[in-house]
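In: here is a sequence together with a model predicted from it:
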Amino acid sequence: MLQDDKPTIARSAGDKTNVLRNHPLFRDLGTEALDQLCHYAKKRTFKRGVTIFAKGDPGQSLFFIISGTVKIGVSSADGRGAIFNMVDAGEMFGEIAVLDGLARTADAIANSDCELFVIDRRDFFSLLASQPVLATKLIELLCVRLRWISDHVEQVIFPDLSGKLAKALVRLIDRPGAAVDKKITITQQEIGEMLGLSRESVNKQLHEWADRKLVRLQRGSITVIDVDSLRSMAERSQD
């Protein structure tokens, strides 16, 4: 019985190593440091709609997505929501509160059934202290996130709806971890919350583009067909 278990345990450890090594943050770690990281990383699953953490919670863990999508945003007392980001498989989230030790700045909600690796803050700092290359990579990651936020703010203040929406779709298919078939797992309500637009206005514009074969609409997803046309619209809206 014990002999039958050994291959399963070894395969599980190997899968964890492969998943973590593929992330740019951990790619340059040596074998010993990567083994240490794998020891720290605990797998957890979340059903769609479950809150992984809420705004104001203590930032005690770092999260890495194995499969699924997580939306990052906030909700008001009257039920309105604003989405800051959609995080896909292969990406990390929750690093801000982990680094500064303060409360979470937003909610993280499973946008689909998700598998995550969870790394405790104390364990991550222990690894960070012994791995200067990891600290450098983390700075680079934070710079990417800052540029994303700046771009998002610029996007929200675009005066025309089509420019906002075109740039949002382009940004979503260009980000790390996005599907190669240009399919974005997001509802029209959620994309409206990202842009400060009503679902009705988003729906109208998307159906116009669907008629022109620029996008394909499915329940809970949008597939970009003509990327060049959407890029042109996004660029013209900034002129």
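Out: Looks like it arrived, so ask away.

In: drop to CA atoms for contacts and neighbour counts, all remaining ones
Out: Fine.

In: go through stretch 207-214 and flag the buried ones.
Out: By neighbour count with 16 or more other Cα atoms under 10 Å, stretch 207-214 contains the buried residues W209, A210, L214.

In: closest one of these to D88?
Out: Nearest to D88 out of the buried residues of stretch 207-214 is L214 (Cα to Cα; 23.1 Å).

In: and the gap between that closest one and V133?
Out: Relative to V133, L214 is positioned 42 Å away (Cα to Cα, to the nearest Å).

In: got it, and K167?
Out: According to Cα to Cα, K167 and V133 sit 34 Å apart.

In: more neighbours: those two, which one.
Out: A side-by-side neighbour count of K167 and V133, using other Cα atoms under 10 Å, places K167 first with 23 against 14.

In: ok, that one - contacts?
Out: By Cα atoms under 8 Å, 6 or more residues apart in numbering, the residues touching K167 are Q155, L230, R231, M233, A234, E235.

In: work out for me the element R44 sits within.
Out: Assigned by DSSP states H and E, R44 belongs to strand 42-46.

In: so for the chain, the centremost residue is which one?
Out: V87 (1.2 Å; Cα atoms, centre = their mean).

In: what's opposite the closest residue to that one other than its chain neighbours in the beta bridge?
Out: Once flanking residues are discounted, V87 sits nearest to V70: 5.1 Å by Cα to Cα, 6 or more residues apart in numbering. Beta bridges link V70 to V87, A110, judged by DSSP bridges.

In: surely V70 and E115 touch.
Out: No. Counting by Cα atoms under 8 Å, E115 is not a contact partner of V70; they are 10.3 Å apart.

In: which of the two has more neighbours?
Out: More neighbours surround V70 than the other of V70 and E115, with 28 against 19 (other Cα under 10 Å).

In: which is the next helix or strand following the top helix by length along the chain?
Out: Identified as the longest helix of the chain according to DSSP state H is helix 132-156. Counting by DSSP H and E, the next helix or strand C-terminal to helix 132-156 is helix 161-174.

In: just want the angle from that following helix to helix 132-156.
Out: With axes from the mean of the first three to the mean of the last three Cα atoms, to 10 degrees as the basis, helix 161-174 and helix 132-156 are set at 160 degrees to each other.

In: just to revisit the earlier point, from the contacts of K167, list the buried ones, please.
Out: Buried by 16+ other Cα under 10 Å: Q155, L230, R231, M233, A234, out of the contacts of K167.

In: narrow these to those in helices?
Out: Filtering the buried ones among the contacts of K167 for helices - DSSP H - leaves Q155, L230, R231, M233, A234.

In: could I get those as CSV with pLDDT and distance to T17?
Out: Listed next are those as CSV, based on pLDDT from 0 to 100; distance: Cα to Cα, whole Å:
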residue, pLDDT, distance to T17
Q155, 59, 37
L230, 92, 38
R231, 89, 37
M233, 86, 41
A234, 82, 39
